[in-house]
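Q: sharing a model that was predicted from the sequence below.
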Amino acid sequence: MPKVTITVQAPAEHPDVLDIRDAMQQILDFFEMLSGDDDRDTFAWNITYAATNSPLTAEAEAVSIKSDVDITPIANARIFETSRYLSDLRDGARPSRNLTKRRRTAARKVFTRNTQTVGKTTVRFSLPTAPEVILTPSTAQASLTASQLEELPDVKYLADDRERQEYGSVEGRIVDVSSDYNHPAIRIEERKSGREINCRVGQEVIDAIANATSLKDVWEHRRVRVRGLISFDVSGQVTRVYAKSVTPIVPRSMTLSV
């Protein structure tokens, strides 16, 4: 049967002091996260081993509540999605597995406690495809930060909450045609910020861009719209654009009548 082992250790500041309430609640919240909303009628995580000395270790095995139901696939699915969820957040990434609100809340309680009164939480799964997860104060903080981004639109978040990449477009005036770390590029002065931004162009779009723009556009600082993958730094500023297209912006002519 599927098994899970969780070990809770004291914080580094007080290595010999592990509050039993914090340690037990850490285990309870973890198994809350490991259980689906409809699992209670099908199977339970039955405790098979507990060591109350520090570090506190508990082992539980999935057991069927209904004798005619094979719960192994269900329990293994819970193990796999929980392992991936924890691993993704620990690495500061957006989770590739979606958990219900109740399970996400339990996870955040685990992360928060691991940054305050628990020093280290180690989780081992019997499923070979579910790697061991270790939470320390630093990785728990990264997990907590990443978990807070789950409710935001689906963009690619990196280690920091404002450092990211997303597809879109920027407008600006062409100021130079050069290279960016040996990659062909144009540099524009971004319309909103006034900052100069390197826009890399791949070989597959160089000809199209060459046909759409000219040296005259550079000399006259022609306004263009650059569309592609935009990189933002930790402060939310655009640092680079991996351009898929560069389109000149033609000013609209206006006629005034009296």
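A: Structure received.
Q: Ser83: which element?
A: Per DSSP states H and E, Ser83 falls inside helix 72-90.
Q: let me know the next secondary structure element after that helix.
A: Downstream of helix 72-90, the first helix or strand assigned by DSSP H and E is helix 101-114.
Q: and the helix or strand following that following helix, C-alpha only, in PDB?
A: Once helix 101-114 ends, the next helix or strand along the chain (criterion: DSSP H and E) is strand 120-125. The C-alpha trace of strand 120-125 is given here as PDB (Å, rounded to 0.1, in the frame of the first residue of the first chain):
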ATOM      1  CA  LYS A 120      13.200  21.300   8.800                       C
ATOM      2  CA  THR A 121      10.400  19.200   7.400                       C
ATOM      3  CA  THR A 122      11.300  16.100   5.400                       C
ATOM      4  CA  VAL A 123       8.800  14.100   3.400                       C
ATOM      5  CA  ARG A 124       9.400  10.700   1.800                       C
ATOM      6  CA  PHE A 125       7.000   8.900  -0.500                       C
END
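Q: partners of strand 120-125 in the sheet?
A: strand 3-9 (antiparallel), strand 133-135 (antiparallel) (DSSP bridges).
Q: where in the chain is pLDDT low?
A: 150-162, 204, 207-220, 251-258 (pLDDT under 70).
Q: hmm, try it at 80
A: 52-54, 67-68, 92-94, 96-97, 148-163, 181-182, 202-221, 234-235, 249-258 (pLDDT under 80).
Q: please, where are all the helices along it?
A: Ranges of helices in the chain, per DSSP state H, are 20-34, 72-90, 101-114, 137-147, 203-212, 215-219.
Q: what does the helix holding Ser83 contact?
A: Helix 72-90 has contacts (Cβ atoms under 8 Å, 6 or more residues apart in numbering) with 1-2, 4, 33-36, 39, 42-43, 62, 94-97, 99, 107, 111, 123, 125-127, 129-131, 133, 135, 139, 142-143, 146-147. C-betas here are computed from N, CA, C, even on glycine.
Q: tell me how far the residue lying closest to Phe111 once chain neighbours are set aside lies from Gln116.
A: Nearest in space to Phe111, with sequence neighbours left out and distances taken as Cβ to Cβ, 6 or more residues apart in numbering, is Leu144 at 4.2 Å. According to Cβ to Cβ, to the nearest Å, Leu144 and Gln116 sit 11 Å apart.
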